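1. give me a 3D structure for the following:
(4 chains)
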2 protein chains.
Amino acid sequence: MREGPDIARIASLVGDPARANMLNALMGGTALTASELALEAGVSLPTASSHLSKLMEGGLLTLASQGRHRYYGLAGPQVAGMIEAITGVAEAVGPKRVRPGPRDGAMRVARVCYDHLAGEQAVAMLDRLVEKDILLRDDKEIRLGPSASSHFAAMGIDVGARPRRPVCRACLDWSVRRSHLAGTLGAAILDKILSEKWARREKNSRAVVFSPPGKQAFERAFLG
Amino acid sequence: MREGPDIARIASLVGDPARANMLNALMGGTALTASELALEAGVSLPTASSHLSKLMEGGLLTLASQGRHRYYGLAGPQVAGMIEAITGVAEAVGPKRVRPGPRDGAMRVARVCYDHLAGEQAVAMLDRLVEKDILLRDDKEIRLGPSASSHFAAMGIDVGARPRRPVCRACLDWSVRRSHLAGTLGAAILDKILSEKWARREKNSRAVVFSPPGKQAFERAFLG
DNA sequence: GGAACGCTTCGATGAGGATCAAACTATGCG
DNA sequence: CGCATAGTTTGATCCTCATCGAAGCGTTCC
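-> As a prediction, this is how the structure comes out:
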């Protein structure tokens, strides 16, 4: 019988399938409306609304009202990190997946992880950046290499500005089981990929699909 | 309605207060028997047994049978990391703690976090090691400094041997909200603290209590 | 062997909570 | 205004699951 932070309360919020699906959907980084989340979770609107108010009360979500739309989003990177940690365990101990499926395939290649890129492409990118000494990795830790600043500046990304979040962080990829790049640099790179239209978000999914020329451009920029 | 790793299943395992208390107790790193865990969780033995079999089935625990004793322990660092992540969120969003209590105070000063030291002492130690350039920290990442190898070798800790786990890792301290040292180095330091009898484990708690001379020795070694 | 101990299984009970239909509130549009 | 859309609240139903007493199983010790 012990006290301390009430982890059971938080975990039980994530422990309902409907709410877990909602949180999973919000891992895409974009805020969604109650209707979209109801669809995503496969429950009726009233049910979804009830779940959302619980998640709000639990402090896991933020709410932005715009007219008659109410956009729900993850409360922050800490919450996203927790979801990733749980996902990692679920992946590790879960039953071997029976049939990957096509959509799952796309998710493995590239997907959004809160605000940065994840999946095989992201892991390959980090590998290459380390290989070229632009980033330095010791085991699971990542830092900027000497040429990082100029290298990223050339493509319009400023790594000098340091907000409260770390510039680069390792994030364990649940599909590949190796690290990819998170942090503000990871977020900036995803921004560039999307704004340059190298890839687009799959609708209602975290999957990121590269166009053929976009894939070439991406590889030239980060895997070349 | 999406598939992927079943995070709701894992989260709901942690989402029950009795199970959460058990997992919390196991964060001390030592394996415990069913009776001890029942006591810890404040439930009867049959109830505890039922919970334990669920946690086993979920892959969160390991079991070691020795005679008529059955020792339950966390399944690995990944599970421990997940618990820490959930604890962090719970601490962040949870209600302001009303009355810290004496035992809670000891926990804040120093405690075991799976296999390494956490709490104010641990945060101070990491700060000092970074200040002396024995370890290098960039934001949340930590790596060995040039003098690390000889410095730790002098106190009988070999940082050269690199098993699959990283040597140093940052672990966010839920009480101080700053990083402390995890990884094999963190584990080795905790080993030393306990084997040198600088401190002892509080019974039935994660708290670590330094003896007055032990505290001096610890500070000379790591904070000097 | 038999008594004590550690733990699990069985069975019955009860409470919490997930669900949806219907009613209600609020915003936007013409 | 009146209607449509977005969302929440209420109320009733149902089911899962946590709980513990009692009984069963395996181990140890005398």
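
2. residue contacts, the residue lying closest to A:Pro17 once chain neighbours are set aside?
-> Nearest residue to A:Pro17, sequence neighbours excluded (Cβ to Cβ, 6 or more residues apart in numbering or on different chains): B:Ala8, at 4.4 Å. Quick note: C-beta positions are derived from backbone N, CA and C, even for glycine. By Cβ atoms under 8 Å, 6 or more residues apart in numbering or on different chains, B:Ala8 lies in contact with A:14-17, A:19-21.

3. give me phi/psi at the residue most central in space within chain A?
-> In chain A, the residue lying closest to the centroid (Cα atoms, centre = their mean) is A:Cys113, at 1.1 Å. Per-residue torsions, A:Cys113: phi -120, psi 90 (degrees, to the nearest 10).

4. and the gap between it and A:Leu181?
-> The spacing between A:Cys113 and A:Leu181, counted by Cβ to Cβ, to the nearest Å, is 10 Å.

5. A:Val209 too?
-> Per Cβ to Cβ, A:Val209 is found 20 Å from A:Leu181.

6. please apply the same query to A:Asn24.
-> Using Cβ to Cβ, A:Asn24 is found at 21 Å from A:Leu181.

7. how about A:Ala90?
-> Counting by Cβ to Cβ, the gap from A:Ala90 to A:Leu181 is 23 Å.

8. run through chain A and note the low-pLDDT ranges.
-> Within chain A, the stretches with pLDDT under 70 are A:1-4, A:94-104, A:138-141, A:160-179, A:203-205.

9. longest helix of it?
-> When chain A is parsed with DSSP state H, its longest helix is helix A:77-93.

10. chain center to that helix, what's the gap?
-> Helix A:77-93 has its C-alpha centroid displaced from the chain centroid by 11 Å (Cα atoms, centre = their mean, to the nearest Å).

11. mind exporting it as CSV, just the C-alpha atoms?
-> The C-alpha trace of helix A:77-93 is given here as CSV (Å, rounded to 0.1, in the frame of the first residue of the first chain):
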residue,chain,number,x,y,z
PRO,A,77,6.0,15.5,-25.8
GLN,A,78,6.0,13.8,-22.4
VAL,A,79,2.7,12.2,-23.0
ALA,A,80,3.8,11.2,-26.5
GLY,A,81,6.9,9.7,-25.0
MET,A,82,4.9,7.7,-22.6
ILE,A,83,2.7,6.3,-25.4
GLU,A,84,5.8,5.4,-27.4
ALA,A,85,7.2,3.6,-24.3
ILE,A,86,4.0,1.6,-23.9
THR,A,87,3.9,0.8,-27.6
GLY,A,88,7.5,-0.5,-27.4
VAL,A,89,6.6,-2.9,-24.7
ALA,A,90,3.4,-3.9,-26.4
GLU,A,91,5.4,-4.6,-29.6
ALA,A,92,8.0,-6.5,-27.7
VAL,A,93,5.8,-8.8,-25.7
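
12. who touches it?
-> A:10, A:14, A:23-24, A:27, A:60, A:74, A:113-115, A:165, A:171-172, A:174-175, A:177, B:4-7, B:9-11, B:58-60, B:75, B:78-79, B:81-82, B:85-86, B:88-89, B:92.

13. give me the more crowded residue out of A:Asn24 and A:Leu181.
-> A:Leu181 (28 against 21; other Cβ atoms under 10 Å in any protein chain shown).

14. which residues touch the closest residue to that one other than its chain neighbours?
-> Distance criterion Cβ to Cβ, 6+ apart; nearest residue to A:Leu181, sequence neighbours excluded, is A:Leu126 at 4.8 Å. Applying Cβ under 8 Å, 6+ apart, we find A:Leu126 in contact with A:135, A:137, A:142, A:179-181.

15. same check on A:Leu13?
-> A:19, A:54-55, A:58, A:60, B:11, B:15.

16. quick check: which element contains it?
-> helix A:7-14 (DSSP states H and E).

17. just the CA coordinates for that helix, please, in CSV.
-> What follows is helix A:7-14, C-alpha atoms only, in CSV (Å, rounded to 0.1, in the frame of the first residue of the first chain):
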residue,chain,number,x,y,z
ILE,A,7,0.3,5.8,-12.2
ALA,A,8,-2.7,3.5,-12.2
ARG,A,9,-4.9,6.4,-13.0
ILE,A,10,-2.9,7.4,-16.0
ALA,A,11,-2.3,3.9,-17.2
SER,A,12,-6.0,3.0,-16.9
LEU,A,13,-6.8,6.0,-19.1
VAL,A,14,-4.6,4.5,-21.8
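
18. from B:Gly59, how far out is A:Ala188?
-> For A:Ala188 relative to B:Gly59 (Cβ to Cβ), the value is 36 Å.

19. how many neighbours does A:Arg220 have?
-> 9.

20. what of A:Thr62?
-> Neighbour tally, A:Thr62, other Cβ under 10 Å: 14.

21. hang on, the earlier thing: is it true that the residue nearest to A:Leu181 lies in a strand?
-> No. Counting by DSSP: H, G, I helix; E, B strand; the rest coil, A:Leu126 falls outside a strand, being helix.

22. quick one: it and A:Leu117, what's the gap?
-> Computed as Cβ to Cβ, the A:Leu126 to A:Leu117 distance reads 10 Å.

23. check which helix or strand A:Glu36 maps to.
-> helix A:34-41.

24. do that helix and DNA strand D meet?
-> Yes. Helix A:34-41 reaches DNA strand D (Cβ under 7 Å from any atom of the strand) through A:34-35.

25. can you name every helix or strand that that helix contacts?
-> If contacts are counted by 3 or more Cβ pairs under 8 Å, 6 or more residues apart in numbering or on different chains; DSSP states H and E, helix A:34-41 sits against helix A:17-26, helix A:45-57, strand A:69-74.

26. hmm, who's touching it?
-> A:17-19, A:21-22, A:25-26, A:32, A:44-45, A:47-49, A:51-52, A:70, A:72, A:204, B:1-2.

27. tell me which residues in that helix are buried?
-> Counting neighbours by 16 or more other Cβ atoms under 10 Å in any protein chain shown, one finds that the buried residues in helix A:34-41 are A:34, A:36-41.

28. quick one: it near DNA strand C?
-> No. Using Cβ under 7 Å from any atom of the strand, helix A:34-41 never reaches DNA strand C; the gap is at least 7.5 Å.

29. how far does that helix sit from the chain's center?
-> With Cα atoms, centre = their mean, you get 19 Å for helix A:34-41.

30. may I have it as PDB, with CA atoms only?
-> Coordinates of each C-alpha in helix A:34-41 appear next as PDB, following Å, rounded to 0.1, in the frame of the first residue of the first chain:
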ATOM      1  CA  ALA A  34     -14.300  14.600 -31.600                       C
ATOM      2  CA  SER A  35     -16.100  13.100 -34.600                       C
ATOM      3  CA  GLU A  36     -12.800  12.200 -36.300                       C
ATOM      4  CA  LEU A  37     -11.600  10.500 -33.100                       C
ATOM      5  CA  ALA A  38     -14.900   8.700 -32.700                       C
ATOM      6  CA  LEU A  39     -14.500   7.300 -36.200                       C
ATOM      7  CA  GLU A  40     -10.900   6.400 -35.400                       C
ATOM      8  CA  ALA A  41     -11.800   4.600 -32.300                       C
END
